[in-house]
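Trainee: need a structure here:
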Amino acid sequence: MKKVVLASLLAVAGAGPLAHVGFAQDAAAAQAGGQVQMSAEEYAAYNNAGTQTTPAAKAAAFEAYLKAYPNSAVKADVLQQLALAYSGSDVNKALDYADQLVALDPTNFRGFVFDVSLRRAASDAMTDAGAKQAALDKAADASTKGLALAKPKDVSDDDWTKLKSAGYPIFYSAIGTADLNKKDNAGAIAAFKSELGSVPVAQTTAPGLQLQDTFFLAQAYYTSTPPDFVNCTYYATRAMTYAPEPYKTQFSKLAGYCYRKFHGKDEGYEAVVAASKDNLNPPQGFGIAPAPTPESIVSDLIKTTPDLSTLALSDKEYVLQNGKAEDAEKVFATIKGKAVKIPDATVIEATPDSLKVAVSDDAVQGKIADFSFNFKEPLKTVPAVGDKVTISGTYDAYTQSPVMITMVDSDLEVKKVAPKAGAAHRPAPAAHRPAAKK
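Mentor: The predicted structure follows:
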């Protein structure tokens, strides 16, 4: 499973580069007329810029103001207005003004929120992996600085709480995204969980940043070493539950994959859906039963099979490979010294004296040998790697890891087919391996 970029999920909620910041802007006239002394000319220019009705007109007017009054007492507010005005049309220019704002006032909380949001928006358009990571790291660095800011003296406790509730989720999201992109899974998990915990629970169920990052949290658990399939299942399922299409379908693939990897089958998944729908995080007592281990599967197979000699060849091989030593010995004792013919074996290695072939489905898929046949007499014609052959031999020995069953007194069956008139002589296709138990 690959990391999925879901910037357009934010668009479902109508969010632009700075639309999700959620800060109300200070009224220019109130600031100028109340606490800042301006000349009539400067006030007129400032007021004219602040009352423009389109972002483009507002940007042009504020740039003209800043050019005329480069040392204005309200320069921070002007830079903030310019970053906002350009955010929907020119992200790089908006970012330049945001950078100027935090350089002018390193304690400006809103400035850091703008800076982080714009850097995230700029990184979305980058295709070069190195450049994208660098942009994300800068956003994460600015986020760390924003999180470390103390409450300004002139800001009330209530307003500071509102500022943090709007800005902290953006900061945590940027840190989590940067960490996930560079495979710092522990950092990503901590950041995304802090983000989800910093907003009202209802906000995590609406299309937008938190729902997207709920899925990214699931990815962080999935790509951890070793993978945490339980938490991957939980958070991917919660994201799937509340996401609109086509994201619901995308999220469901990771949720189902992680569940099956841990549980072994789809049965019982509805309990995860119910729990994750009503709880942001796994509730107390939540758990997923793990799939039985290969060793326990073998143990049950031994207990429920009165005559081990009746096991299918594939089951016998599974026991030899995955069972306890004593269980493997019990099964091999039922076949040691007995002859068997195996059709449709895939040649992996071939010499005149022996063949190594793949018999089980796993061996065939992995193109690895699980049987070694030693011939009574050297072969006159050695089959090619990849050929399907019918071969017989007597069970002699085995190794468990990696599994290899050694056969002796072996013969390779060569099928002869009369050629059709005018056609080249070709061997008949190998017979399909029957499913009969050995």
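Trainee: Counting residues, name the longest helix you see in this protein.
Mentor: As assigned by DSSP state H, the longest helix anywhere in the chain is helix 157-181.
Trainee: Show me which parts of that helix are buried, residue by residue.
Mentor: By neighbour count on 16 or more other Cβ atoms under 10 Å, the buried set for helix 157-181 is 163-164, 166-181. From N, CA and C alone the C-beta is placed, and that goes for glycine too.
Trainee: and Val199, what is it in contact with?
Mentor: Ser165, Pro169, Gln210 (Cβ atoms under 8 Å, 6 or more residues apart in numbering).
Trainee: wait, which of those is closest to Lys336?
Mentor: Using Cβ to Cβ, Gln210 comes nearest to Lys336 of those, at 61.8 Å.
Trainee: Just give the closest residue to that closest one, not the sequence neighbours.
Mentor: Nearest residue to Gln210 in three dimensions, chain neighbours excluded: Thr204, at 4.4 Å (Cβ to Cβ, 6 or more residues apart in numbering).
Trainee: Could you look up the SS state of Ile342?
Mentor: Of the three states, Ile342 takes strand under DSSP: H, G, I helix; E, B strand; the rest coil.
Trainee: hmm, back to that, possible to save the contacts of Val199 as TSV with distance to Lys75?
Mentor: As requested, these are exported to TSV (distance: Cβ to Cβ, whole Å):
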residue	distance to Lys75
Ser165	27
Pro169	28
Gln210	34
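Trainee: Ile342 is in contact with Ser392, correct?
Mentor: Yes: between Ser392 and Ile342 there is a contact at 7.2 Å, judged by Cβ atoms under 8 Å.
Trainee: who has more neighbours, the two?
Mentor: Ile342 (19 against 16; other Cβ atoms under 10 Å).
Trainee: Please verify my assumption that that one contacts Phe371.
Mentor: Yes: the pair Ile342 / Phe371 is scored as a contact, 7.2 Å apart, by Cβ under 8 Å.
Trainee: can you list residues touching both of those two?
Mentor: Overlap of the contact sets of Ile342 and Phe371 (by Cβ under 8 Å, 6+ apart) consists of Val357, Val359.
Trainee: Next up, the contacts around the residue nearest to Gln210.
Mentor: Leu196, Gln210, Leu211, Thr214, Tyr242, Leu280.
Trainee: quick check: domain ranges of the protein?
Mentor: Domain assignment for the chain by automatic domain parsing gives 7-225, 295-413.
Trainee: Buried deepest among those, which one?
Mentor: Across these, averaging neighbours per residue (mean count of other Cβ atoms under 10 Å) puts domain 7-225 on top, at a mean of 18.
Trainee: Show the average pLDDT along that domain.
Mentor: Average pLDDT, domain 7-225: 88.
Trainee: Please name the residues that touch the nearest residue to Pro402 once chain neighbours are set aside.
Mentor: Sequence neighbours aside, Ile368 is the residue nearest to Pro402 in space, at 7.4 Å (criterion: Cβ to Cβ, 6+ apart). Counting by Cβ under 8 Å, 6+ apart, Ile368 touches Ile348, Ala358, Pro402.
Trainee: Could you verify my assumption that the second one touches Asp344?
Mentor: No: no contact is recorded between Ala358 and Asp344 when judged using Cβ under 8 Å, the distance being 10.2 Å.
Trainee: hey, C-alpha coordinates of stretch 239-256 in PDB?
Mentor: C-alpha atoms of stretch 239-256 as PDB (Å, rounded to 0.1, in the frame of the first residue of the first chain):
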ATOM      1  CA  ALA A 239     -11.800   7.700   8.200                       C
ATOM      2  CA  MET A 240     -13.700   5.400   5.800                       C
ATOM      3  CA  THR A 241     -16.900   5.700   7.800                       C
ATOM      4  CA  TYR A 242     -17.100   9.500   7.600                       C
ATOM      5  CA  ALA A 243     -15.400  10.100   4.200                       C
ATOM      6  CA  PRO A 244     -17.300  11.000   1.100                       C
ATOM      7  CA  GLU A 245     -16.700   9.100  -2.100                       C
ATOM      8  CA  PRO A 246     -14.200   8.400  -3.800                       C
ATOM      9  CA  TYR A 247     -12.200   8.600  -0.500                       C
ATOM     10  CA  LYS A 248     -14.500   6.100   1.300                       C
ATOM     11  CA  THR A 249     -13.600   3.400  -1.200                       C
ATOM     12  CA  GLN A 250      -9.900   4.300  -1.000                       C
ATOM     13  CA  PHE A 251      -9.900   4.300   2.800                       C
ATOM     14  CA  SER A 252     -11.700   1.000   2.900                       C
ATOM     15  CA  LYS A 253      -8.900  -0.800   1.000                       C
ATOM     16  CA  LEU A 254      -6.400   0.000   3.700                       C
ATOM     17  CA  ALA A 255      -8.800  -0.800   6.500                       C
ATOM     18  CA  GLY A 256      -9.700  -4.200   5.100                       C
END
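Trainee: What average pLDDT does it get?
Mentor: 96.
Trainee: again with stretch 308-317
Mentor: Stretch 308-317 carries an average pLDDT of 88.
Trainee: Could you tell me the end-to-end distance of it?
Mentor: Stretch 308-317 stretches 12 Å from its first residue to its last (Cα to Cα, to the nearest Å).
Trainee: The domains of the chain: which one's closest to Thr233?
Mentor: That would be domain 7-225 among these, by Cβ to Cβ, at 7.8 Å.
Trainee: all helices of the stretch 201-350 of the chain, in order?
Mentor: For the stretch 201-350 of the chain, applying DSSP state H, counting those that start in this stretch gives helices covering 209-222, 229-242, 247-263, 269-278, 294-304, 313-322, 325-333.
Trainee: among those helices, which is nearest Phe192?
Mentor: Of these, the one closest to Phe192 (Cβ to Cβ) turns out to be helix 209-222, at 4.1 Å.
Trainee: For the closest one, what is the distance to the chain centroid?
Mentor: Put simply, helix 209-222 sits 8 Å off its chain's centre (Cα atoms, centre = their mean, to the nearest Å).
Trainee: by how many degrees do it and helix 247-263 diverge?
Mentor: With axes from the mean of the first three to the mean of the last three Cα atoms, to 10 degrees applied, the angle from helix 209-222 to helix 247-263 works out at 30 degrees.
Trainee: elements contacting helix 209-222?
Mentor: When contacts are defined as 3 or more Cβ pairs under 8 Å, 6 or more residues apart in numbering; DSSP states H and E, helix 209-222 sits against helix 7-12, helix 157-181, helix 185-197, helix 229-242, helix 247-263.
Trainee: what about Ser410, which SS state?
Mentor: Ser410 - assigned by three-state DSSP - is strand.
Trainee: So what sits opposite it in the bridge?
Mentor: Beta bridges link Ser410 to Phe375 when assigned by DSSP bridges.
Trainee: who touches it in this structure?
Mentor: Ser354, Leu355, Phe373, Asn374, Phe375, Lys376, Ile391, Ser392, Gly393, Thr394.
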